[in-house]
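> Just a sequence and a predicted model for now, questions to come.
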Amino acid sequence: MKSQCGRAAIALEFLRAPALIMPIMMIDILPNPLTLSARRPADARWPAVAAALAHLRAARRRAVRIVDAECGDGMLLIGAALHARAIGFTAIEARGIGIDPLCLRRANNAAAAVRDPAIGLLFEPCELAAGLAEEAAFPADILLWLGGAGQRPEVARAAERAAQIVIGWRAPRMAA
């Protein structure tokens, strides 16, 4: 199976969450490989990630837990952790789950380069439904998720239970 590491023609959707209501926006994109240039991943979800972190920080939160389901090469999650630290979070727990061994290896190599004791990064192999079910026991603050249209309903429900704020993708709507 060829590694995709997050490359696909997709659209962006900011999902509603109890702690942060964001408008639903659809943007057609073809993302570039994720990079950490200037500490900002080249991912169209980045504005929603930055806004969610700013919202939590404005609420005087000092610790944050972020989960990236289907994390690819981990660059969005690593960028989010670095940004959280830059805006004043003093404890950042970041977990990436996925099934692609090549992408997970890249993510773990990149995570090893982050040398900040306030940032804990973990990338591990895990099937999506099982990983989301684990997270539902102690929901994260933010869930980054590639799911959406075409996803099994039980997986979508598990994603909603896995975090207070869900930032995800969904397939573009087809014109009638």
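Looks like it came in fine. Numbering: from 1, shown residues only.
> three-state assignment of Gly147?
coil (DSSP: H, G, I helix; E, B strand; the rest coil).
> quick one: pLDDT of it?
The model reports Gly147 with a pLDDT of 72.
> could you show me where the strands are in this structure, in order?
Secondary structure of the chain (DSSP state E): strands at 10-14, 28-29, 63-69, 91-98, 119-125, 140-145, 163-170.
> per-stretch mean pLDDT over those strands, give me the minimum one.
Looking over the strands of the chain, mean pLDDT reaches its minimum on strand 28-29, with a mean of 30.
> where does the chain have low pLDDT?
1-42, 148-150, 169-176 (pLDDT under 70).
> Do you have the helices of it handy? List them.
Ranges of helices in the chain, per DSSP state H, are 46-58, 75-86, 101-112, 128-137, 153-162.
> tell me the most buried of those helices?
Highest mean neighbour count among these (mean count of other Cβ atoms under 10 Å): helix 75-86, with a mean of 23. Every residue, glycine included, has its C-beta placed from N, CA and C.
> what's the angle between it and strand 119-125?
Angle between the axes of helix 75-86 and strand 119-125 is 160 degrees (criterion: axes from the mean of the first three to the mean of the last three Cα atoms, to 10 degrees).
> so what secondary structure elements neighbour helix 75-86?
Under the contact criterion of 3 or more Cβ pairs under 8 Å, 6 or more residues apart in numbering; DSSP states H and E, helix 75-86 touches helix 46-58, strand 63-69, strand 91-98, helix 101-112, strand 119-125, strand 140-145.
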